[in-house]
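Chemist: Following is a predicted model, sequence given first.
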Amino acid sequence: MASTNQNQTIESLIRRSESARAELTGHIQTLKDRMNIPARLKASVSSRPVAWFGGSLVVGLLAIKLFRRKSVPVPEKAKSRKGLLGFACTAAIALAKPAIKTLLIAELRKRYLPPAVAANKNSRAHFSD
């Protein structure tokens with residue numbers, strides 16, 4: 001008799017553990033569904049796209065309104081007079097640009113192009129004139 005009572009107790013414990021497992025499995029699945037933010041967001045956007053579009057439009061307009069800098073009027077600059085020295089420097093730089101460009105191109109060709117390629121480019125330049 002003690003063994004049947006003990007067997008019934010074991011069977012009731014087994015049933016209770018099975019029902020607890022089933023209940024925990026349901027709770028775990030519910031928790032996983034609630035924690036899956038990307039899937040919930042995708043489902044929400046799919047079910048109500050107009051509301052999401054309108055909400056994003058309103059938030060964008062509010063962000064523009066809140067974070068816009070206030071325009072400050074820029075004062076007009078007075079016409080600067082450089083004088084003779086400024087004119088001379090500007091003219092010297094303008095006249096030196098072609099010479100500097102030629103020197104830089106020659107130096108770059110000498111350093112970075114193989115001699116055969118540089119020679120072919122120079123020969124083409126002479127024949128194309």
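Modeler: That came through, no problem.

Chemist: Work out which residue lies at the spatial centre of the protein.
Modeler: residue 60 (18.2 Å; Cα atoms, centre = their mean).

Chemist: In the chain, where's the longest helix?
Modeler: helix 2-35 (DSSP state H).

Chemist: If you count contacts, what does that one end up packed against?
Modeler: Here helix 2-35 touches helix 37-47, going by 3 or more Cβ pairs under 8 Å, 6 or more residues apart in numbering; DSSP states H and E. Where C-beta positions appear, they are placed from N, C-alpha and C, glycine not excepted.

Chemist: other SSEs contacting the helix it packs on?
Modeler: Using 3+ Cβ pairs under 8 Å, 6+ apart, helix 37-47 sits against helix 2-35.

Chemist: Could you check the angle the helix it packs on makes with helix 37-47?
Modeler: 60 degrees (axes from the mean of the first three to the mean of the last three Cα atoms, to 10 degrees).

Chemist: Quickly find the element holding the residue nearest to the centre of the chain.
Modeler: helix 49-67 (DSSP states H and E).

Chemist: Cheers, nothing more for now.
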